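K.L.:
I would like to see how this sequence folds:
(one chain, ligands or ions: 1)
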Amino acid sequence: MTDLPPPFDAAWFRFAFGFIIGAALGSFATMLAYRLPRRLSILFPRSHCPTCNATLGALDLVPILSWLAMRGRCRHCCAEISVRYLGIELATSFACAIASVVIGLAPALGLAYVAIVAVVAVIGAVIPS
Ligand SMILES: [Zn+2]
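P.N.:
Reported below is the predicted structural model:
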């Protein structure tokens, strides 16, 4: 990966890139971990609070930051949102960041991201909420 120009060749850039992509993928993994064991569609309905059924808006869906800003509570009904969601998003973020540093910005990184999401979603699905 030394043939990439700065800053793409820098480890800090690859870590930050991987962390941000991982946060978005982690949000997707939380959805998979919740819906697949319950045999729910992964396309519809839109993300919503399982307690009050309020559809989540853009501010509710920012990975990691939304959970922290709302201190693990639904904006609409104040129901507790499991720390598991934060854990899955953080785990995916760090795993993707590390993979990005190790592999670099190469096509194989996409396969690593897919594998990370699959593993994290399965682990997230079997952890009791
Ligand atoms: Zn709610």
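K.L.:
can we go C-alpha only for contacts and neighbour counts from here?
P.N.:
OK.
K.L.:
for the residue nearest to residue 12 when sequence neighbours are not counted, what are its contacts?
P.N.:
In this structure, residue 12 finds its nearest non-sequential neighbour in residue 101, 8.0 Å apart by Cα to Cα, 6 or more residues apart in numbering. Taking Cα atoms under 8 Å, 6 or more residues apart in numbering as the contact definition, residue 101 lies against 11-12, 14-15, 18.
K.L.:
Close to the ion: what parts of the protein are there?
P.N.:
Residues of the chain found near the ion (Cα under 5 Å from the ion) are 49, 52, 74, 76-77.
K.L.:
Give me the buried entries from these.
P.N.:
49, 74 (16 or more other Cα atoms under 10 Å).
K.L.:
buried residues in the host helix or strand of residue 121?
P.N.:
According to DSSP states H and E, residue 121 maps onto helix 107-126. Burial within helix 107-126, assessed by neighbour count using 16+ other Cα under 10 Å, is assigned to 109, 112-113, 116-117, 120-122, 124-125.
K.L.:
So what touches that helix?
P.N.:
Contacting residues not belonging to helix 107-126 are listed as 22, 25-26, 29-30, 32-34, 37, 84, 88, 91-92, 95-96, 99-100, 103 [Cα under 8 Å, 6+ apart].
K.L.:
next one: stretch 55-72 to chain centre, how far?
P.N.:
On the basis of Cα atoms, centre = their mean, to the nearest Å, stretch 55-72 is displaced by 12 Å from the centre of the chain it belongs to.
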